[in-house]
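Novice: with the input below, show me the fold.
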Amino acid sequence: MPKMKIDGIEIEVPAGITVLQACEMAGVEIPRFCYHERLSIAGNCRMCLVEQEKAPKPIASCAMPVADGMVIKTDTPVVRKARKGVMEFLLINHPLDCPICDQGGECDLQDQAMAFGFDRSRYHENKRAVPDKEFGPLVKTSMTRCIHCTRCIRFATEVAGVEELGATGRGEAMEVTTYVQHALTTELSGNLVDLCPVGALTSKPYAYEARSWELRKTESIDVLDALGSNIRVDARGGVVMRVLPRLNDDVNEEWIGDKTRHAVDGLRYQRLDQPYVRKGGKLVPASWDEAFAAIVGKVKGLDGKKIAAIVGDQCDAESMVALKDLMAALGSPNVDCRQDGAKLEAGVRGSYIFNPGIHGIDQADAVLLVGTNPRWESPVLNARLRKRYLSGRCAFASIGPTVDLTYPVERLGAGPATLRELSEGKLAFFEKLKAAKNPLIIVGMGALTRDDGAAVLALVRDLAEKVNAVREDWNGFAVLHTAAARVGGLDLGLVPGEGGRDVAGILAGAQGKEIEVVYLLGADEIDVQQLGKAFVIYQGHHGDRGAHRADVILPGAAYTEKPGTYVNMEGRVQLGRRAVYPPGEAREDWTILRALSERLGQPLPYDSLDQVRSRLVAVNKTFAALDQQAAGGWGPFGKAGATNDAAFASPVTNYYMTCPISRASRTMAECMASRQQLLAAE
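Specialist: Purely as a prediction, here's the structure:
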């Protein structure tokens with residue numbers, strides 16, 4: 001490891017890092033605009049200049065690799081003069097927009113101008129003006145502010161994988177643009193706003209809404225897909241104003257998808273804020289007592305086998321365990337958390353989690369995608385796959401839909417027949433998987449929600465074992481979920497008990513009048529028309545599909561309005577926190593179930609959040625370890641059998657509207673309209 005001196009202090013640093021990184025390790029702050037840890041080095045802002053002994057002039061520390069014996073000085077008169085000069089040049093054309101700029105208060109240019117800049121300008125000519133560009137409904141442009149750091153260009157090309165941003169012109173005529181003036185076609189475009197250091201790119205939906213110092217910041221977890229991205233929820237009063245990413249290298253690094261970031265305006269619309277009871281064919285407002293009385297009148301004394309419960313995709317573990325305990329107390333074995341009908345079993349944890357972990361993608365050297373479109377099902381995970389592709393020496397192949405995944409993928413076929421041929425070693429990619437040190441097989445819900453899903457799951461398990469993807473030091477079997485609550489529900493055993501019915505069985509039973517009461521806990525993705533004449537209790541936060549069919553509505557809390565435990569697709573237990581309180585008479589979901597159990601004469605044995613979480617640990621010990629990925633284990637699962645010839649299809653056909661929150665979002669509606677307009681133009 002090279003030894004070097006930084007400001008007179010000797011330090012040993014890893015070989016291959018830059019001088020800027022070495023200075024950070026030594027605790028010395030180096031200003032920068034173009035440099036970013038997750039992007040390639042551009043070296044074009046020159047703000048990071050430092051003095052190197054024996055060098056004829058200051059060096060750009062972001063682009064200079066460390067060397068043994070190097071002597072660096074970061075706070076000399078030469079360095080200070082150089083930085084002031086660079087800042088003066090950067091501000092020559094920058095407009096005085098701070099009072100009206102949304103970046104104000106969290107702007108790198110503001111901060112570094114104060115810390116390292118000059119206190120006056122010697123430039124008296126007219127400032128240049130640059131026309132604003134159209135980047136779509138999410139990114140607002142003020143290109144006169146642009147300092148040409150090229151962060152946005154590098155992000156679009158390297159991370160998002162859409163080469164739609166670039167620079168035209170030279171010198172003062174240089175402009176960052178999309179060339180053909182159309183909206184960005186990436187699901188990660190909101191991250192451009194986080195990357196921009198000067199306010200040239202800001203959030204269009206958030207424009208002129210609030211200042212950063214007005215907001216109350218809460219660290220939480222995203223539930224709009226199954227990745228479990230770490231987020232920060234910013235609220236003012238009782239309204240969620242925006243969502244930003246938090247750093248977690250093992251999960252989402254520092255990126256989030258556009259739906260995670262911008263669908264939060266859906267939390268303001270179509271909300272359920274009081275109980276409702278259906279009378280005379282119409283839902284009418286009611287008190288909690290009236291709603292509970294209607295449920296008790298229907299449920300009390302009813303055979304448990306005639307009662308069923310379906311769990312939705314965004315439920316927290318606390319509400320799921322409360323529902324499981326309530327159904328058990330009522331004698332009902334008809335409970336299912338697999339709203340989409342996925343043929344997953346609750347027994348072997350390794351059969352339903354992303355076993356290598358999201359960070360395990362970085363170690364894979366052969367990747368097979370089965371029945372999934374990760375670009376829409378989990379955009380941040382797809383960016384991780386692209387990152388692995390860019391690092392080289394990794395083969396990618398897919399069996400399923402033909403889609404642009406932002407990296408080259410060899411398409412082997414469309415359905416189970418191809419998967420069977422691959423498992424039997426009849427395709428060339430089998431040898432690539434077998435020769436790989438860490439083969440990774442990702443199976444999506446498009447392969448598992450079919451009638452032959454159990455047989456497909458058995459085929460994938462068989463393939464994983466044949467190519468040595470499952471061993472002591474590596475488990476390359478990975479399930480890509482689309483529902484944030486799915487892994488937690490399976491961990492808690494929310495599957496049919498002995499003689500119980502799954503979702504398809506519950507719907508069939510409701511039509512055949514064998515199921516008389518159906519409890520929907522935030523379940524909106526089922527065909528509610530198949531519930532027949534069953535008495536439907538809907539507990540949730542939006543007036544979506546389930547609420548329209550309900551006979552009794554119990555208003556619950558959305559993920560930003562309650563503390564909750566969530567388990568992401570890799571089996572990592574994470575805590576979401578309350579950012580705002582639920583609207584009106586809405587309450588936390590587990591408390592509603594606890595109150596209802598009291599009225600039904602079957603009180604649940606917990607009265608506080610801590611007691612519910614103790615119950616979670618009692619049901620499954622994995623809930624005791626927060627932010628850790630527990631090993632999944634391995635064993636027989638799936639069910640060998642015949643498969644049909646239908647091609648695999650991704651369950652996500654519209655990325656922008658997959659849940660009650662995003663369907664209520666005006667911003668997501670604009671994104672969908674923009675994408676359709678772009679497709680029509682092509």
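Novice: run through who's touching stretch 274-289.
Specialist: Applying CB atoms under 8 Å, 6 or more residues apart in numbering, the contact partners of stretch 274-289 are 290-291, 294, 547, 550-555, 584-586, 595. Glycine gets a C-beta too; all of them are placed from N, C-alpha and C.
Novice: so which of the residues you listed is the most crowded?
Specialist: Highest neighbour count within those: Leu554, with 29 neighbours (other CB atoms under 10 Å).
Novice: picking up where we left off before, restricted to helices, list the contacts of stretch 274-289.
Specialist: Among these, the members falling in helices (DSSP state H) are Glu290, Ala291, Ala294, Ala547, Ala595.
Novice: quick one: mean pLDDT for stretch 608-618?
Specialist: Taken as a whole, stretch 608-618 has a mean pLDDT of 96.
Novice: who's the residue nearest to Arg246 when sequence neighbours are not counted bridged to?
Specialist: Closest residue to Arg246 apart from its sequence neighbours, by CB to CB, 6 or more residues apart in numbering: Asn230 at 4.0 Å. Counting by DSSP bridges, Asn230 forms beta bridges with Ile221.
Novice: any chance of the contacts of stretch 274-289 in a markdown table, with distance to Gly104 and pLDDT too?
Specialist: Listed next are these as a markdown table, based on distance: CB to CB, whole Å; pLDDT from 0 to 100:
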| residue | distance to Gly104 | pLDDT |
| --- | --- | --- |
| Glu290 | 50 | 95 |
| Ala291 | 47 | 96 |
| Ala294 | 52 | 95 |
| Ala547 | 41 | 94 |
| Ala550 | 46 | 95 |
| Asp551 | 51 | 95 |
| Val552 | 48 | 97 |
| Ile553 | 43 | 97 |
| Leu554 | 43 | 97 |
| Pro555 | 37 | 97 |
| Gly584 | 34 | 95 |
| Glu585 | 38 | 95 |
| Ala586 | 35 | 96 |
| Ala595 | 46 | 96 |
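Novice: identify the farthest-apart pair in these.
Specialist: Greatest spatial distance among these (CB to CB): Asp551 and Gly584, at 20.3 Å.
Novice: my read is that the residue nearest to Arg246 contacts Ile221, right?
Specialist: Yes: the criterion here is CB atoms under 8 Å, and Asn230 meets it with Ile221 at 6.5 Å.
Novice: okay, those two: which has more neighbours?
Specialist: Neighbours were counted for Asn230 and for Ile221 using other CB under 10 Å; Ile221 has more, 26 against 22.
Novice: list the buried residues of stretch 205-212.
Specialist: Pro205, Tyr206 (16 or more other CB atoms under 10 Å).
Novice: and the contacts of it?
Specialist: 100, 102, 104-106, 137-138, 140, 234, 236, 241-242, 262, 265, 667.
Novice: out of the residues you listed, who has the most neighbours?
Specialist: Neighbour counts for these (other CB under 10 Å) peak at His262, which has 28 neighbours.
Novice: how far is the longest helix along the chain from where the chain is centred?
Specialist: If you go by DSSP H, the chain has its longest helix at helix 666-681. The chain centroid and the centroid of helix 666-681 are separated by 21 Å under CA atoms, centre = their mean, to the nearest Å.
Novice: please apply the same query to stretch 259-269.
Specialist: Here stretch 259-269 is found 13 Å from its chain centre; the criterion is CA atoms, centre = their mean.
Novice: and that stretch, average pLDDT?
Specialist: Stretch 259-269 shows a mean pLDDT of 95.
Novice: shared neighbours, Asn230 and Ile221?
Specialist: Taking CB under 8 Å, 6+ apart as the criterion, Asn230 and Ile221 both touch Gln574.
Novice: and which of the ones in helices among the contacts of stretch 274-289 is nearest Ala322?
Specialist: Lowest distance from Ala322 to those (CB to CB) belongs to Ala595, with 10.4 Å.
Novice: where's the nearest residue to Gly371 once chain neighbours are set aside, which helix or strand?
Specialist: Nearest residue to Gly371 in three dimensions, chain neighbours excluded: Ala447, at 2.7 Å (CB to CB, 6+ apart). Per DSSP states H and E, Ala447 falls inside helix 445-448.
Novice: now do that helix, average pLDDT.
Specialist: 94.
Novice: same question for stretch 427-438.
Specialist: Across stretch 427-438, the average pLDDT comes to 94.
Novice: keeping just the C-alphas, turn it into PDB.
Specialist: Output of stretch 427-438 as PDB, limited to C-alpha atoms (Å, rounded to 0.1, in the frame of the first residue of the first chain):
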ATOM      1  CA  LEU A 427     -28.500 -25.200 -25.000                       C
ATOM      2  CA  ALA A 428     -25.000 -23.600 -25.200                       C
ATOM      3  CA  PHE A 429     -25.700 -21.300 -22.300                       C
ATOM      4  CA  PHE A 430     -25.900 -24.300 -20.000                       C
ATOM      5  CA  GLU A 431     -22.200 -24.700 -20.300                       C
ATOM      6  CA  LYS A 432     -21.600 -21.000 -19.500                       C
ATOM      7  CA  LEU A 433     -23.600 -21.400 -16.300                       C
ATOM      8  CA  LYS A 434     -21.800 -24.500 -15.400                       C
ATOM      9  CA  ALA A 435     -18.400 -23.000 -16.100                       C
ATOM     10  CA  ALA A 436     -19.200 -19.900 -14.100                       C
ATOM     11  CA  LYS A 437     -17.800 -19.500 -10.600                       C
ATOM     12  CA  ASN A 438     -20.900 -17.800  -9.300                       C
END
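Novice: go ahead and flag the most central residue of the protein.
Specialist: Ser229 (4.3 Å; CA atoms, centre = their mean).
Novice: list the contacts for that one?
Specialist: Counting by CB under 8 Å, 6+ apart, Ser229 touches Ile221, Asp222, Pro245, Asn248, Val251, Asn252, Trp255, Ile256, Gly257, Thr260, Val380.
Novice: list buried residues within these.
Specialist: Buried among those (16+ other CB under 10 Å): Ile221, Asp222, Pro245, Asn248, Val251, Asn252, Trp255, Ile256, Gly257, Thr260, Val380.
Novice: show the pLDDT at the first one.
Specialist: So the one you mean is Ile221. Model confidence at Ile221, given as pLDDT, is 97.
Novice: measure it to Cys62 for me?
Specialist: Distance, Ile221 to Cys62, using CB to CB, to the nearest Å: 33 Å.
Novice: do the same with the second one
Specialist: As defined by CB to CB, Asp222 lies at a distance of 31 Å from Cys62.
Novice: also the third one?
Specialist: As for Pro245, its distance to Cys62 is 23 Å (criterion: CB to CB).
Novice: with the last one instead?
Specialist: Distance of Val380 to Cys62, given as CB to CB: 26 Å.
Novice: same check, this time on the fifth one
Specialist: With distances defined as CB to CB, the gap from Val251 to Cys62 amounts to 27 Å.
Novice: dihedrals phi and psi, Glu175?
Specialist: Note on Glu175: its backbone torsions stand at phi -140, psi 140 [degrees, to the nearest 10].
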